[in-house]
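Novice: turn this into a model:
(chains A and B)
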Amino acid sequence: MNAPPLTPTAFSRPAGLPMPLARSFVTVVLSTIVLIAVCAVFAPSSLSWGALSGSLPFAAIIAIVGLGQLLVVQQGGFDLSLPGAVSLSVVVATHYPQQDDALLFQAVLVAIAFALAAGVLNGLLFSVFRLNAIIATIGTNALLYGAVFAVSGGVPSITTELLAEIAGGETFGVPNSVYFALAAMAVVSFVLKKTVVGRRYEVIGASPSAGRAAGLSVRTHQMMAYVFAQLLYCMAGILIGGITREPTAFQGDSLLLPSVAVVVLGGTSLLGGRGYPVSTVVAAFFLNQLSQFALAVGVPYSAQTIIQALALGFGIGVYSLRWTLNVRKSTG
Amino acid sequence: MRHFKLAMTMTFATAAAAIALTAAGTAQAETPSWCGPKKATLALLDGYGGNSWRQVTTASGKQTAELCPSITAYEYADGQGDTQKSISDIKSIAAKGVDALVVFGDAGPAMLPAITSVYKSGKVIVPYRVNVGGKEGENYSKFIGSSFVNDGETWGNWIKGILPKGGNILFLSGPAGNSQGLDELKGMKNVLGPEYVFVNPEPFAVTNWDPALTQKVLTAEIAKNDKIDVIVSDFGPSLVGALPLFQKQGKSIPALATSDGNSLGCFWHENHASNPDFKLFTVATGNDNVRLAVQWAVALATDGTPPTEQIFKAPAFEDSVSGQPSPVQCRKELPGAIYLSSELPAEAQAKAVGN
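Specialist: I've put the predicted structure just below:
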């Protein structure tokens, strides 16, 4: 018998399933529906519109950083510079204007400039100098935190009114940050799935050597992964600056693990290859709703943490279970 | 004759001015009783220096040390939230020959071995605010705690005043199990009877003092509890971003008992008119705790007379109901991240936090 395929999600398409996308999507949507049902029974308050409109902005933030992490994971990497990148754009967006609306636009441009620089640096280290992604991005993270201290001295600053209105406001009753997350998802999905660049990007992620053999510019595509990821982190950081009126200078720290968790829950293989942006965004909602559920049932903090860990373990376990079944099938 | 009178008047005036100036000069040069004659050097060791509260505190400590001319050098080290670094900071500063060390031991008892070894080597070492365990005269020279139980009692008494028949309380504190939150709860329970119900999970809702997490926690609590009469939080400014959630869910912001901060005071001024239930009471956030610790360290190192107080009790600061000891304050032209309750003048604080 042949050896089992390494990444069945990318290579083996079992007969009967029309779209490979469907599997991860169906899994994460089903998990979310189960969670909503559980919420409705045990913690109905977590589903009230007031609670949702308060917590959805945080789901949107996790979704956006998750999409950034997704792009890097698709190239077989990990981006550990996320905390520094998000924190830096938070402090740039709040410290530079010092509550002056007129300076907000420039502040956003400065934040984007930092993001591009950090992205190019990560990309060069990974694709040209061939450093391990984890090592390279840890280094970049330290640099970014240096910049955070240089800009802010570690002190929080209050958001400008305009930013609070844009990022923290609501349109048609839905928090604006949700629209930002949906727009980011639409762009990432469209580019990945419907453009030539996007298709090449996924091929290179699945197998850089095959990509190179096919004459594709592997380095450029890998580099782009880090640059676009940084732009997404930057967007998330600026939104956090508006959603919390007095953000700390370390607001990115708590986002690293969720960003990886939603990529995995969304069904993307950590080995690289095909990515699932829509599932990642649904997973962000799932993760956020899970923590709201844990808060709403009113159990002690220790139990909240355990509930979250169990549910995450379950979510990831679903994939490994299917994966094993697949392997058995293909090995006969 | 007229000229003579004029000359006399001028002479008197000059003499009076000279006397006044000399007196002022003497007053300035007069050293506080805790500052003795022996020359010494002093260092302030912070476990974590990365927020505005700590920067105001550090500036307050420095200003206190500067009042004593016997202190010939002043040093500062920031442990950056890293226990290992905090420990090595203490050891290296002591090895450099500094005579007196004031330590904010954020890591708690983990700092005790380093503190003890410095004390055993014959230096003055005064941990403050965070309990590091150990005993006075055995592990360190003196511990200057802060009475969080007292804070809890102050809040409790105010709550009794505005809600005499009892009510629902939501208590928010920092990381799970932090001793500050537990002590505050003890203080409140000393004062409040069973008619006051805590709606948060026991012992308090965990926020890590992080504004984003505070927002999430408050979202869940507002949705879950139809009636929250008063919120108690030991870090008021982190609530500013979260309080508008009440209006989003169609409710008035409830009464709030907390610690002060400029951004919070300004938020109250902007919002109390549209939120009829929004009463605000604050205790001083306690930047001046460091002053007492520095005074003790200096007194022990320079042979001065130690202060009479041995524990820092944060006084009540603002009360929107009675206006006593002070009505709610707001300095809109200054940064939000300063503390008007602090002895350090507001402008000096603004400079300390880098604005």
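
Novice: end-to-end on stretch A:169-176?
Specialist: 6 Å (CA to CA, to the nearest Å).

Novice: contact partners of that stretch?
Specialist: Residues outside stretch A:169-176 that contact it (CB atoms under 8 Å, 6 or more residues apart in numbering or on different chains) are A:49, A:53, A:56-57, A:60, A:166-168, A:179, B:248. For every residue, glycine as well, the C-beta is placed using N, CA and C.

Novice: helices - which of those land there?
Specialist: Applying DSSP state H to the contacts of stretch A:169-176, the entries found in helices are A:49, A:53, A:56-57, A:60, A:166-168, A:179, B:248.

Novice: and those residues as JSON lines, adding distance to B:T72, neighbour count and pLDDT?
Specialist: What follows is those, written out as JSON lines (distance: CB to CB, whole Å; neighbours: other CB atoms under 10 Å in any protein chain shown; pLDDT from 0 to 100):
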{"residue": "A:W49", "distance to B:T72": "64", "neighbour count": "12", "pLDDT": "83"}
{"residue": "A:S53", "distance to B:T72": "59", "neighbour count": "19", "pLDDT": "86"}
{"residue": "A:L56", "distance to B:T72": "58", "neighbour count": "22", "pLDDT": "92"}
{"residue": "A:P57", "distance to B:T72": "53", "neighbour count": "27", "pLDDT": "93"}
{"residue": "A:A60", "distance to B:T72": "55", "neighbour count": "28", "pLDDT": "96"}
{"residue": "A:I166", "distance to B:T72": "53", "neighbour count": "16", "pLDDT": "89"}
{"residue": "A:A167", "distance to B:T72": "51", "neighbour count": "24", "pLDDT": "88"}
{"residue": "A:G168", "distance to B:T72": "51", "neighbour count": "23", "pLDDT": "85"}
{"residue": "A:Y179", "distance to B:T72": "61", "neighbour count": "14", "pLDDT": "95"}
{"residue": "B:K248", "distance to B:T72": "56", "neighbour count": "16", "pLDDT": "80"}
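
Novice: now those in a markdown table, with distance to B:F198?
Specialist: Shown next, in a markdown table, are the ones in helices among the contacts of stretch A:169-176 (distance: CB to CB, whole Å):
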| residue | distance to B:F198 |
| --- | --- |
| A:W49 | 26 |
| A:S53 | 26 |
| A:L56 | 28 |
| A:P57 | 28 |
| A:A60 | 32 |
| A:I166 | 37 |
| A:A167 | 33 |
| A:G168 | 29 |
| A:Y179 | 38 |
| B:K248 | 24 |
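
Novice: quick check: the two most widely separated of those?
Specialist: The largest distance within the ones in helices among the contacts of stretch A:169-176, taken as CB to CB, falls between A:W49 and A:I166 and amounts to 21.6 Å.

Novice: now do the helices in the stretch 101-250 of chain A.
Specialist: Along the stretch 101-250 of chain A, counting by DSSP state H, counting those that start in this stretch, helices occupy A:104-123, A:133-152, A:161-168, A:176-194, A:196-206, A:208-213, A:218-243.

Novice: stretch B:81-91 close to chain A?
Specialist: No. Against chain A, stretch B:81-91 shows no contacts by CB under 8 Å from any CB of the partner chain, the least distance being 9.1 Å.

Novice: contacting residues around that stretch?
Specialist: In contact with stretch B:81-91 (CB under 8 Å, 6+ apart) are residues B:45, B:47-48, B:50, B:77-79, B:101, B:103, B:105-107, B:110-111, B:113-115, B:117-118.

Novice: nothing else from me, thank you.
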